[in-house]
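Colleague: I need the structure of the sequence given here:
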Amino acid sequence: MTILNKLMVMLCMGIISISSVYAQGLKLIDVVVESPNLNKLFLLREAKISVEEYPLAEQLKLLLQKSEYLPALRLLNEYEDNKSPALLLVEGQLLMQTEQWQQAELRFKQALLEMPDLLRGHLALATLYHRQEDYHKAQISLSKAISLGASDANQYALLGYLHMQNSDPHSAVAAYQYALMLNAENDDIRKGLLFALINSHQINAARNLLAGMLAREPDNSQLWLQRTNLAMQASDEQLALSSIEAALRLGEQKPSTKILAMQLHLKQKSYSRALVLSIELLNDKQLSFSETDKLLGWLVLENQWAYVQQILNHTSALAATASFSEKSRLLYYKAQLAWTENDLTQAEKTWKQAIQIDAGNGDALLALATLSMSENRYAQAELYYQRAETLEDVKLSAMLGRAQLYIEQLDYISALTLLQQTLSMYPHRHDLQKNMRILTNLVNSQDHSQSS
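Modeller: Next up, the predicted model:
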């Protein structure tokens with residue numbers, strides 16, 4: 001039985017039922033709001049069709065049973081007598097069904113003009129505004145309906161959802177908690193409450209609620225991911241890692257989940273598992289160059305060269321679609337690998353290939369400058385440092401490297417002058433002042449030696 005058919009059955013019984021929307025966190029489904037227990041006060045707030053409207057109601061019922069909404073609307077349009085609030089609600093429902101929003105809103109408001117405390121009129125408006133994504137108006141109408149006696153768990157859950165959409169998570173928590181009190185077995189309400197608790201930064205309460213939810217649904221990978229997020233917010237990376245691994249074992253396959261798991265394993269220095277995940281992502285073309293670059297950079301800093309080698313062995317598909325600058329970065333890492341194996345000829349050759357592809361590869365320029373300086377090729381090293389100084393991301397390192405180059409050659413005046421320039425450009429580097437005092441003493445000593 002459709003919502004409108006059920007509405008007509010209840011209309012003929014003297015009670016109007018409307019469609020409502022129940023919020024499941026972020027997921028919405030349509031449900032029929034069942035009539036609460038009726039008492040005298042409630043009945044005063046309910047609309048009944050007039051005796052004169054019974055024949056029309058019977059005709060409408062037959063049309064709605066066949067889902068013939070447009071003929072039903074035409075029948076209502078042809079009805080020339082004043083319509084009761086009950087009939088106006090039915091017409092508004094039909095107009096909503098055919099997405100005639102403004103006309104539907106008008107009918108509901110007409111019904112409320114005659115019966116300001118018509119509970120189902122306010123519920124109807126709440127539904128209409130919600131479907132139009134006017135969450136502020138929807139919340140006002142639903143709150144009014146609740147104040148008039150609406151007490152269904154779904155209605156409180158919807159109120160919680162509307163509070164969330166209106167950026168009021170604390171009020172959402174209260175609404176979801178009341179909904180859960182009315183329907184303690186509803187897991188969707190729990191999910192809505194969890195979402196509200198997280199957004200209102202009630203992390204301990206959220207973790208306690210989630211623990212109960214996991215006890216009920218231990219094989220729900222999404223709940224384990226939510227546990228991961230809560231652990232991350234609490235900076236508990238070990239709990240986050242165990243939670244995300246549980247989600248992966250349960251079949252979670254999103255690349256973002258695997259990337260986060262890989263990053264957590266890197267931080268925990270469990271490199272073998274991080275390698276397995278990264279190779280899976282690379283083989284499935286799900287790891288971007290940016291993420292691959294970060295991964296390689298981390299492994300280099302940790303001197304995990306065996307893992308660097310294995311990652312590079314699986315970058316052929318990535319390199320095939322990489323830009324020139326990205327290909328240059330991969331060459332830079334390959335050269336570093338050769339450097340660690342003391343194959344300096346291959347390292348230099350590969351770094352040079354890197355800067356030929358991308359002259360803006362500052363790390364490769366610095367590496368070539370360092371290599372040249374280590375082999376006492378000072379003029380060549382100076383040129384590499386000067387080229388690197390034109391690149392903002394490595395400018396400071398290049399200037400400090402060139403200063404060190406001058407010190408290696410006992411050219412303390414040039415080193416001091418360069419450090420003075422560096423400090424003026426990077427005033428936060430107070431540590432340079434100590435080096436400058438040492439160089440000043442060395443310059444004075446050189447001058448004294450020459451004069452004597």
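
Colleague: What score does Asn208 have for pLDDT?
Modeller: Looking at Asn208, its pLDDT stands at 95.

Colleague: ok, it - how many residues close by?
Modeller: The tally of other residues near Asn208 (other C-beta atoms under 10 Å) stands at 12. In this view, the C-beta of every residue, glycine as well, is placed from N, C-alpha and C.

Colleague: do Ala319 as well
Modeller: Residue neighbour count, defined by other C-beta under 10 Å, stands at 14 for Ala319.

Colleague: same thing with Leu442?
Modeller: Neighbours of Leu442 using other C-beta under 10 Å come to 16.

Colleague: Surely it is in contact with Ser414?
Modeller: No: checked against C-beta atoms under 8 Å, the pair Leu442 and Ser414 is beyond contact range at 11.9 Å.

Colleague: Please give the element, helix or strand, for Gln309.
Modeller: With secondary structure defined by DSSP states H and E, Gln309 is part of helix 305-312.

Colleague: chain center to that helix: distance?
Modeller: How far helix 305-312 lies from its chain's middle: 31 Å, per C-alpha atoms, centre = their mean, to the nearest Å.

Colleague: In the stretch 1-150 of the chain, what residue spans correspond to helices?
Modeller: For the stretch 1-150 of the chain, helices defined by DSSP state H, counting those that start in this stretch occupy the ranges 3-12, 40-44, 54-65, 69-78, 85-97, 101-114, 119-131, 135-147.

Colleague: Could you save these as JSON lines and add columns showing distance to Lys434, mean neighbour count and mean pLDDT?
Modeller: What follows is those, written out as JSON lines (distance: least, C-beta to C-beta, whole Å; neighbours: other C-beta atoms under 10 Å; pLDDT from 0 to 100):
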{"stretch": "helix 3-12", "distance to Lys434": "79", "mean neighbour count": "20", "mean pLDDT": "41"}
{"stretch": "helix 40-44", "distance to Lys434": "83", "mean neighbour count": "11", "mean pLDDT": "40"}
{"stretch": "helix 54-65", "distance to Lys434": "87", "mean neighbour count": "16", "mean pLDDT": "86"}
{"stretch": "helix 69-78", "distance to Lys434": "84", "mean neighbour count": "15", "mean pLDDT": "86"}
{"stretch": "helix 85-97", "distance to Lys434": "76", "mean neighbour count": "25", "mean pLDDT": "90"}
{"stretch": "helix 101-114", "distance to Lys434": "73", "mean neighbour count": "18", "mean pLDDT": "94"}
{"stretch": "helix 119-131", "distance to Lys434": "66", "mean neighbour count": "26", "mean pLDDT": "94"}
{"stretch": "helix 135-147", "distance to Lys434": "60", "mean neighbour count": "20", "mean pLDDT": "96"}
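
Colleague: Now render the ones you listed as JSON lines, adding distance to Trp339.
Modeller: JSON lines is the format used below for these (distance: least, C-beta to C-beta, whole Å):
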{"stretch": "helix 3-12", "distance to Trp339": "71"}
{"stretch": "helix 40-44", "distance to Trp339": "82"}
{"stretch": "helix 54-65", "distance to Trp339": "79"}
{"stretch": "helix 69-78", "distance to Trp339": "75"}
{"stretch": "helix 85-97", "distance to Trp339": "70"}
{"stretch": "helix 101-114", "distance to Trp339": "68"}
{"stretch": "helix 119-131", "distance to Trp339": "63"}
{"stretch": "helix 135-147", "distance to Trp339": "59"}
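
Colleague: Would you mind writing the CA trace of the helix holding Gln309 as PDB?
Modeller: C-alpha atoms of helix 305-312 as PDB (Å, rounded to 0.1, in the frame of the first residue of the first chain):
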ATOM      1  CA  TRP A 305      66.700   1.700   1.500                       C
ATOM      2  CA  ALA A 306      65.600  -1.900   0.800                       C
ATOM      3  CA  TYR A 307      62.000  -0.700   0.900                       C
ATOM      4  CA  VAL A 308      62.800   2.300  -1.300                       C
ATOM      5  CA  GLN A 309      64.200  -0.200  -3.800                       C
ATOM      6  CA  GLN A 310      61.000  -2.300  -3.800                       C
ATOM      7  CA  ILE A 311      58.700   0.700  -4.100                       C
ATOM      8  CA  LEU A 312      60.700   2.000  -7.100                       C
END
